[in-house]
Structures are given as C-alpha cells and as structure tokens.
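> need a 3D model of the following:
(one chain, ligands or ions: 1)
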Amino acid sequence: MSNTRDKWEKIYANASDVVAQPCEVLRRYRHLLPEAGTAVDIACGLGGNALFLADQGIRTTAVDISNNAIDALKCRAEERGFTLDCIAAPVEDWLIESDDRCFDVIVVSRFLDRTLLPRLIDHLSPGGLVYYQTFTADKAQPSSGPSNPEYLLKPNELLRYFEHLVIRAFYDPGSIGRQHEGFRNESYLVAQKPVKK
Ligand SMILES: C[S@@+](CC[C@H](N)C(=O)[O-])C[C@H]1O[C@@H](n2cnc3c(N)ncnc32)[C@H](O)[C@@H]1O
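Model (predicted):
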C-alpha cells in the first residue's frame, strides 16, 4: 500500500497548478444528476469530478490515497468557494470507516479495484447513481492508459458488475471503426440502484 501511495505522491508533487477536468461520463450525463443530495468521488486525484459535482449543488466528499492530491484539491475548492469533504486515505479503509454512509451519487474515474465494486454498491442510496469510467484492454490507441491488465476492463465488464442495477447509459467503443474519432480507450456506465418497494 505504501508503494502505491509513494507512486502517486510523486506524480502529484508538482500538481498544485493543474486544473483537473471532470470525466467524460459525468459531463455527458450531467442531466441525470439529482438537483441536490450527496456524492462521493472515489480515488479523486486532483478532484475534477468532485469540483464539478459541488458546482452542481451536490454535497460532495472526495477520497484519495495521495495527500498531495488532496491538499491541491482543498486549495482549488477554497478558491472556488466550495465546501468539499476532502479525505486522504486508501479508499478500502475509508469504506470500512464509512460503513453506515450512503450517497446519492458515486463517481469513479480511471481507477479500478474489482474487489471494491460490491462495496461501492452497498454505499449507494436507493435510487442513487453510479458513474463509472475507466480504461479498457481493447484500445484504439494502444499506448493510452495503463498496460497492466489488472487495471483494464474487458468488453462488457462494467455491465456485469452492475447487472443488478438499472443501466441508464453504457459505452464501450473498443477499437472498432474510425479509430481516431470519438471518445476512445475507456468504457463508461451510469447505473441506478433500484428503489426497494
Ligand atoms: C489515474 S488517477 C485518476 C484520478 C481521477 N479519478 C481522474 O480521473 O482524474 C488514479 C487515482 O487513484 C488514486 N488511488 C490509487 N490507489 C488508491 C487507493 N487504494 N485508495 C484511494 N485512492 C487511490 C491515486 O492516488 C490517483 O489519484
């Protein structure tokens, strides 16, 4: 775990001026977000998703293993007058500590730990949405994203993890067609937890 933290601390050591952007799926499906409520940006990095969610009027928590990333995010949030709950911790530990908390929106972009996926669903409120976007093994640009298969989605893999939720949007372009056109190298999904009756 400390290896992972050290790696990301180095990557974010000089990132305080970087302006992080929200991921494609969140921008594209902004209109599915609730008008208010709670959200968490998992493995938030510099918090492009968290800042976007806060700007939509959603009370947002952001979690990342890197102190450098979280410190940079706190500065960005303060500059923009947003109240963000910023947490520097491994997400697996934070999920245990937050056992009784549920969120209306959970966003994960460019982070994949398959063992955590069922636990994320447990933290989703009934009717809540998960926005998930990350790299695929079948890429139009092979050098894009990580090369370790552990961090790469197989075709339709997101659909399988969220099969008990209602799929509101799904995209998995692979390497077919005009490879230099369109949003590529990542798959995404928006899924809604059913409301129990
Ligand atoms: C590729 S970056 C993606 C950051 C952000 N979600 C985005 O899309 O720009 C992966 C992030 O995962 C974080 N990370 C890696 N392992 C983690 C863990 N066990 N718990 C929390 N964050 C972790 C890293 O610090 C890094 O910010």
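
> identify the residue of the protein closest to the ligand, quick one.
The ligand sits closest to Gly45 of the chain, with a gap of 2.7 Å, by Cβ to the nearest ligand atom. Bear in mind the C-beta positions are built from the backbone N, C-alpha and C, glycine included.

> residues contacting that residue?
With contacts defined as Cβ atoms under 8 Å, 6 or more residues apart in numbering, the neighbours of Gly45 are 12, 20, 64, 66, 69, 110.

> check the residues you listed against the ligand, which are close?
Restricting the contacts of Gly45 to those touching the ligand (Cβ under 6 Å from any ligand atom) yields 20, 64, 66, 69, 110.

> now which of those would you call buried?
Buried residues within those, counting neighbours by 16 or more other Cβ atoms under 10 Å: 20, 64, 66, 69.

> show the pLDDT at the second one.
Right, the one you point to is Asp64. As predicted, Asp64 sits at a pLDDT of 98.

> ok, for it, nearest residue in space, not its chain neighbours?
Cys44 (4.8 Å; Cβ to Cβ, 6 or more residues apart in numbering).

> so the one you found touches Ala50, yeah?
Yes. In this structure Cys44 lies within contact range of Ala50 using Cβ atoms under 8 Å: 5.2 Å.
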